[in-house]
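# fold the following for me, if possible:
(chains A and B)
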Amino acid sequence: MYALEVKNLTKTFDKLVAVDNASFEVPEGSIFGLIGRNGAGKTTTIRMMMGIYLPDNGEVVLRGVKVGQEFKNEVGYLPEERGLYKKMKVLDTLLYFAELKGKSGREVHKRAEEYLKRFELYDRRLSKVEDLSKGNQQKLQFISTVLHEPEFIILDEPYSGLDPINTNLLREIIIEMKQKGKVIIFSTHLMDFAEKMCDHIVMIDHGKIILKGALKEIKSKYSQKNVSLTYDGDISFLKSNPIVDSIADYGNTTGVKLKEANQAQQLLRMLLDKNVTVKKFDANDISLQEIFIELAGHEENGTSGKEVRNV
Amino acid sequence: MFNYRVLAVIKRELREKLFSKAFIILTLMIPGLIFVFGGVQALLYSTESKGLKFDLVVENSGLIGDFQSEFSQKDFVTKKHYVFNYMSMTREDFKTYLQNTRQQIVDEKLTGIIFIPSSALKDKKIEYYAKTPQNISLSRELERPINKIFLNNFFKSKSLSAEDLDFARSGVDFTGFKVTKDEKIAQEGYGNLVLAYALSILLYMSLLMIGQMAMQSVIEEKGSKIVEVILSSVSARELMTGKILGSAITGVAQMAVWLGTILAVSSSALIALPPEITLNIKPELVLYVLLNFFIGLVLFVGLFSMMGAIFDNAQDAASGNMPIMMLIIIPFFIAISMMENPNKPYIEIASLFPFASIIVMPARLALIEVPIWQQALAVIINLLTIYALFPLAGKIYRIGILRTGKKPKWSEVIKWLKYKY
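From the prediction side, this is the model:
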C-alpha cells in the first residue's frame, strides 16, 4: 500500500519544462528521498504535491484519493527558503501555524510549550521572532512543522543553512517521526545525507525521473559492477585496462566501475600484481553519488543551462 | 471560501494592524485633532474682544443721538464687546484732544478714537485713530450701522418714503437654503461644506494608510519567504481573502472611530460650535459611508495586495503602484473640486464610478441630496468591479507571491494570467 502516489506530474514555466511526466510512489512509513541537483525540479514537484502549484498534467493521490485540503492539514512542510513573521511572538507564531492546520485549544498550547522547553526556547516564548538568533529561528520553524502532529512531513532541502547542532536536531526529529509511523519526504542534493537517512528514493534530473525504488535494491543492482577502493600506490594503469569502464576519485575512496559484474576478482588480482597496497576493497558497495553520476553525470557541469529557478 | 483558515488569517491581520500600537495612536490622534479644532473654534468664538473702549467724536453734534440709538441695539454694545464714549467737538478741538489722549491710546487704556467729521455726511469718510488701526473686525462691524446713519441723514432732506429708504439702506443678503425632498427648506450654513471636506480628507487618508499597510504586509510575507509555509496550510485564495477582509475591517473600524467622534462632537452640547459651521451629520450618513468604504476598501486592498505580490521590495512597489495611487488621488481632487459647485455633471458620474465612489459619493452626500438608488448603485458598481477584477488580481497574486528575482515587466505580468497555476 502506498501512502502517496504521484502520477504523471508535468509542469511547464513559459517554455521550460520543470517537471516532465514524473511518477513515483511513497510507501507507508518510509523516509523518502527526492534526490537531484539544484534546479532539477525537486521544489516544483513538492509544490505540486502540496497543491501550491497546479500541475499542467497529472495528479497526486493520497491513499486512493486525490489530494486536497485534507492532505494539507496532514502535512508539516518545511520549505527550503524558510520564513517567519518577524514581529510576531514565538508562542503566537506556533499557535498561528497550528490554527491554520485546524488545531487550536489547550492541547496544542500545551504541546507547543513542551516543544519549546525541549528545544530550550521556553524562556523566549514571549520574545519577538526577530529577537531570536538564526539558529533559534530554525528551531522554531521545525517545531511549527511538526506541532500539529502531521501524518506527512515534507522537507525541502532541510539541511541547507543549518548549523551542525540544528542538523542533528532535525535528524533526531525525523527519526522520531519515523518511529511514530509518519511518512517523511525530503528533497536534497546531498547524496550522502540521503543515503544515510532514506529507505526509498526517487532521483530526478531535468524534470525527469531517472531512478526510483528502495535504496537497498537500487544499491545491490548497481553495486555489482562497482568497486569501492581505498589504496596506496599508483593505479593509473587501470585507466586503459579493458575490464575497467571508468574511475572516479572521491577523495578518500575511489570508485572503479567495471564493464562486467563478474570482473571484481580479476581487478583485485591485478592490483596486487602491480604492488598496489589495497586497504579496502568493497565489491558490494556503491554510493548514491556514484549511481547519480552514472545516470546523470555526463552533463554534470550543467552545460544544458536549463535550470529551474524557484518560480 | 470562508472557513477557519480564513478566520485565522483575519484574526492575525487584525492583531497585526488594528491592534498595533502605532495604528491605535494614529487613529486616536485624528479625533483628538477634531476635538482640538472644535474646541479652538468654540473658544475663539466665545472669547472675542471684550470691553474695548472707544471715543466716538462727532463734529456735527446733531449726530450723537443717532449714533447712540443705532449702536445701542447692536450686539457689540449689548454684549459689551465695545464700550463707546460719545462726544462732540470741532476738528480744531479734536486735534488738541487727540494730543491729550495720546498717552492713553499708547498705554491701551483707550483702544481708539473714531472721528466723524461733518464732511462725512457727504463723502462718508471717517477717521480712526488707534495703536493698531488695521482692525478688520471693528470696521466690519461698524460699517453698516454708520452707513445707515449717513444714509438717513442724506435722504432726510430728500422727499423719499420710508419704504424707499429701507430699500436703499439694505445690503444684499445672500442666504443659502438647502432644498431637499422634505417639505421644509432648511437654512444652511457652512457646516455641510466642512463635513464634505472632512469626509474627503478622512476617507482619503484612511484609504492610503490601509492600502499601503496591506501592500507592505504582502511584500513582507513574500520577502521573508513565509508565504510558502502559509500556502502549505491554506490556499492562495484563502490567504488573500483573509488579508483583504482583515484590512477592510481595520479601515472601517478606523473610520467608525473618526466619524463617531465627529458625530459625537457635532451633536453634543459640550463643545458648542458656531451655528454657521454646525455639521449636519446623521447616523444614516455615517452607516452608509462605512458600508461604502468597506466595499471600496475590499476593492482597493485587493489591488494593493496584487501589487505587493508582483514586487519584491517597497521601492519597486512604490513606483509600480502609481496607477492605483492615481485611482485614489484623482477622486480626492474631484471631491475637493465639488465644494465649489456640487452640481457639476462629472461629479454625478464620479460618485458612481468604481474606485472613485469611495470618496466622491460620501462628499456628495454631505453637500446635496442624492437619490437612494444612486447611493445603492455606487455600492453595486463597486461590487461588480470586485467580481470582475478579483479573479485576475487573485491569479497575479498567486503567481507573484512565489516568484523571486528581478522586477517583472508589465508584459510579463499580463502573461501570468495565461499560466495554469
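
# how about the contacts made by residue B:86?
With contact taken as Cβ atoms under 8 Å, 6 or more residues apart in numbering or on different chains, residue B:86 is in contact with B:56, B:58, B:64, B:67-68. Just so you know, the C-beta spots here come from the backbone N, C-alpha and C atoms, and that holds for glycine as well.

# residue B:335 too?
Taking Cβ under 8 Å, 6+ apart as the test, what residue B:335 contacts is B:196, B:199-200, B:204, B:359-360, B:363-364.

# show me what secondary structure element comes after whatever helix or strand it lives in.
For residue B:335, the element it lies in under DSSP states H and E is helix B:322-337. Towards the C-terminus, the helix or strand next in line after helix B:322-337, according to DSSP H and E, is helix B:345-352.

# show me the contact partners of that following helix.
Counting by Cβ under 8 Å, 6+ apart, helix B:345-352 makes contact with B:331, B:334, B:337-338, B:356-357, B:360-361, B:364, B:370, B:374, B:377-378, B:381, all of which sit outside it.

# how much does it deviate in direction from helix B:322-337?
Helix B:345-352 and helix B:322-337 are oriented at 130 degrees to each other (axes from the mean of the first three to the mean of the last three Cα atoms, to 10 degrees).

# using PDB, list the CA coordinates for helix B:345-352.
What follows is helix B:345-352 as a C-alpha-only set of coordinates in PDB (Å, rounded to 0.1, in the frame of the first residue of the first chain):
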ATOM      1  CA  PRO B 345     -22.000  67.000 -14.300                       C
ATOM      2  CA  TYR B 346     -18.800  64.900 -13.900                       C
ATOM      3  CA  ILE B 347     -19.400  64.700 -10.200                       C
ATOM      4  CA  GLU B 348     -22.500  62.600 -10.600                       C
ATOM      5  CA  ILE B 349     -20.600  60.200 -12.800                       C
ATOM      6  CA  ALA B 350     -17.600  60.200 -10.400                       C
ATOM      7  CA  SER B 351     -19.800  59.400  -7.500                       C
ATOM      8  CA  LEU B 352     -21.000  56.300  -9.200                       C
END
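
# what's the following helix or strand after it?
Proceeding N to C from helix B:345-352, the next assigned helix or strand is helix B:357-367, under DSSP H and E.

# show me what that following helix is packed up against.
Using 3 or more Cβ pairs under 8 Å, 6 or more residues apart in numbering or on different chains; DSSP states H and E as the contact criterion, the elements in contact with helix B:357-367 are helix B:191-223, helix B:283-310, helix B:322-337, helix B:345-352, helix B:372-400.

# pLDDT (mean, whole number) over it?
Helix B:357-367 shows an average pLDDT of 91 in the prediction.

# from the chain's centre, how far out does that helix sit?
Helix B:357-367 has its C-alpha centroid displaced from the chain centroid by 12 Å (Cα atoms, centre = their mean, to the nearest Å).

# quick check: buried residues in that helix?
Using 16 or more other Cβ atoms under 10 Å in any protein chain shown as the test for burial, helix B:357-367 gives B:357-367.

# likewise stretch B:333-346?
Residues B:334-339, B:342 are the ones in stretch B:333-346 that count as buried (16+ other Cβ under 10 Å).

# now tabulate these in TSV and tack on pLDDT.
As requested, the buried residues of stretch B:333-346 are exported to TSV (pLDDT from 0 to 100):
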residue	pLDDT
B:334	91
B:335	90
B:336	87
B:337	86
B:338	84
B:339	79
B:342	79
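
# next, count neighbours for residue 73.
Using chain A. The local packing count at residue A:73 equals 16, with neighbours defined by other Cβ atoms under 10 Å in any protein chain shown.

# my question was about chain B, not that one.
Under the neighbour criterion other Cβ under 10 Å, residue B:73 is assigned a count of 9.

# and it, its phi and psi?
Recorded main-chain torsions at residue B:73 are phi -90, psi -10, according to degrees, to the nearest 10.

# shouldn't residue A:22 be within a strand?
Yes: counting by DSSP: H, G, I helix; E, B strand; the rest coil, residue A:22 is part of a strand.

# pretty sure it contacts residue A:206?
No: counting by Cβ atoms under 8 Å, residue A:22 does not reach residue A:206; the two are 11.1 Å apart.

# more crowded one of these two?
Shown here are residue A:22 and residue A:206; by other Cβ under 10 Å, residue A:22 has more neighbours (25 against 21).

# OK, contacts around that one?
Residue A:22 neighbours (Cβ under 8 Å, 6+ apart): A:6, A:8-10, A:41, A:45, A:58, A:204, A:207-209.

# against chain B, how distant is it?
With distances defined as Cβ to the nearest Cβ, to the nearest Å, the gap from residue A:22 to chain B amounts to 17 Å.

# what does residue A:61 give?
Relative to chain B, residue A:61 is positioned 18 Å away (criterion: Cβ to the nearest Cβ).

# in three-state terms, how would whichever residue of the stretch 151-300 of chain A sits closest to chain B be classified?
Scanning the stretch 151-300 of chain A for proximity to chain B using Cβ to the nearest Cβ identifies residue A:154 as nearest, at 7.8 Å. Secondary structure of residue A:154, reduced to three states by three-state DSSP: strand.

# could you do the one 5 residues further on as well?
Reducing the assignment to helix, strand or coil with three-state DSSP, the entry for residue A:159 is coil.

# that one against residue A:170, yeah?
Yes: Residue A:159 is in contact with residue A:170 according to Cβ under 8 Å; the separation is 7.2 Å.

# ok, those two, which is more surrounded?
Neighbour comparison, residue A:159 and residue A:170: the larger count goes to residue A:170, with 21 against 16 (by other Cβ under 10 Å).

# report the contact partners of that one.
Applying Cβ under 8 Å, 6+ apart, the residues near residue A:170 are A:142, A:155, A:158-159, A:162.

# now swap in residue B:408 and tell me
B:310, B:400.

# run the last query once more with 10 Å
When the contact criterion is Cβ atoms under 10 Å, 6 or more residues apart in numbering or on different chains, the partners of residue B:408 are B:310-312, B:316, B:320, B:396, B:399-400, B:414-416.

# which ChimeraX command selects the buried ones in these?
Buried members of the contacts of residue B:408, defined by 16+ other Cβ under 10 Å, are picked up in ChimeraX with:
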select /B:310,311,312,316,320,396,399,400,416
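
# the strands in the stretch 51-200 of chain B, which residues?
B:52-58, B:82-88, B:112-116, B:127-130, B:177-178, B:186-187 (DSSP state E, counting those that start in this stretch).

# now those in TSV, with mean pLDDT?
Output for the strands of the stretch 51-200 of chain B, formatted as TSV (pLDDT from 0 to 100):
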stretch	mean pLDDT
strand B:52-58	87
strand B:82-88	87
strand B:112-116	88
strand B:127-130	87
strand B:177-178	60
strand B:186-187	52
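
# among the ones you listed, which is nearest residue B:285?
Closest to residue B:285 of the strands of the stretch 51-200 of chain B is strand B:177-178 (Cβ to Cβ; 13.9 Å).

# what residues does the stretch 201-350 of chain B have near chain A?
B:217, B:220-236, B:238-239, B:242 (Cβ under 10 Å from any Cβ of the partner chain).

# quick one: the helices in chain A, in order.
Using DSSP state H, the helices assigned to chain A run over residues A:42-50, A:69-73, A:90-100, A:106-118, A:134-146, A:164-179, A:191-197, A:215-223, A:264-273, A:288-296.

# which of those sits most buried?
Greatest average neighbour count among the helices of chain A goes to helix A:42-50 (a mean of 25), per mean count of other Cβ atoms under 10 Å in any protein chain shown.

# next one: the residue of the stretch 1-150 of chain B found nearest chain A from residue B:374, what distance?
With Cβ to the nearest Cβ, the shortest gap between the stretch 1-150 of chain B and chain A falls at residue B:8, namely 4.3 Å. Per Cβ to Cβ, to the nearest Å, residue B:8 is found 39 Å from residue B:374.

# residue B:280 contacts residue B:263, doesn't it?
No: between residue B:280 and residue B:263 there is no contact under Cβ atoms under 10 Å: 11.1 Å.

# what's around residue 55, how many residues?
You didn't pick a chain, so chain A it is. Residue A:55 has 23 neighbours, counted by other Cβ under 10 Å.

# correction: the question concerned chain B.
Once other Cβ under 10 Å is used to define contacts, residue B:55 is seen to have 21 neighbours.
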